[in-house]
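Student: Sequence first, then the predicted structure, then my questions.
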Amino acid sequence: GWTRIAILHVNDAWGRGFAQDAAASASREGVDVGIAAVFALGEHADIAKALEQIEESGIRIILCVAFESDLLTIADVADSLGLLRTGYAWILGYGLDFNNMVAVSPNPEQTRLRFSGWLTANMELLEMHGDADADVSFQDVLDREPLHHLN
């Protein structure tokens, strides 16, 4: 099992909130958030700096909280740093249209290969006895079939 993750997130209310909730959920499961690296929306230099921090941490499980508009930049920089090679796992929030992103990218085949194997996490809060809990399912970003379900 995973014992340590990195969180890469956009520095806005949505990104901070998602990252905080994910860190709390991870902690309850005995998973340490070794680093939370933030970036400003649309800022290539910020994205590069955040990914360099993750590379330096040595953590290989990366939860990415980003908008579709930044994902190609994230993938480009991550690839240049070796963060997309075998041994790394990337998890994204649900609701992004990767098939469309591949179709409209300047190099669809390269984009498809870069996102191959990335997972999306569909997180829904469930009210249980007055406490919020998370119901999470995972699937490959390029395939809409569920791979794993946790609750």
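Tutor: That came in fine, so what should we check first?
Student: Identify each buried residue in the lengthiest helix in the chain, please.
Tutor: Looking across the chain with DSSP state H, the single longest helix is helix 13-28. Neighbour counts over helix 13-28 (16 or more other CB atoms under 10 Å) mark 15, 18-19, 22-23, 25-26 as buried. In this view, the C-beta of every residue, glycine as well, is placed from N, C-alpha and C.
Student: want to throw those residues into TSV with pLDDT and distance to Ser57?
Tutor: Shown next, in TSV, are those (pLDDT from 0 to 100; distance: CB to CB, whole Å):
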residue	pLDDT	distance to Ser57
Gly15	91	19
Phe18	87	20
Ala19	89	15
Ala22	87	16
Ala23	90	15
Ser25	87	20
Ala26	88	15
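Student: Give me the phi and psi for Val31.
Tutor: phi -100, psi 130 (degrees, to the nearest 10).
Student: Next, count neighbours for it.
Tutor: By other CB atoms under 10 Å, 17 other residues sit near Val31.
Student: Next, the contact list for it, please.
Tutor: Contact partners of Val31, counting by CB atoms under 8 Å, 6 or more residues apart in numbering, are 2-5.
Student: just to revisit the earlier point, helices or strands next to the longest helix of the chain in the packing?
Tutor: Counting contacts by 3 or more CB pairs under 8 Å, 6 or more residues apart in numbering; DSSP states H and E, helix 13-28 packs against strand 4-10, strand 32-39, strand 61-65, strand 131-140.
Student: Ile59 is in contact with Ala6, isn't it?
Tutor: Yes: Ile59 lies in contact with Ala6 (CB atoms under 8 Å); the separation is 4.2 Å.
Student: what's the overlap in contacts for those two?
Tutor: Common neighbours of Ile59 and Ala6 (criterion: CB under 8 Å, 6+ apart): 34-35.
Student: Flag the shaky bits of this protein, pLDDT-wise.
Tutor: 94-95, 122-151 (pLDDT under 70).
Student: need the contact list for Val38.
Tutor: 8-11, 15-16, 46, 50.
Student: Done for today, thanks.
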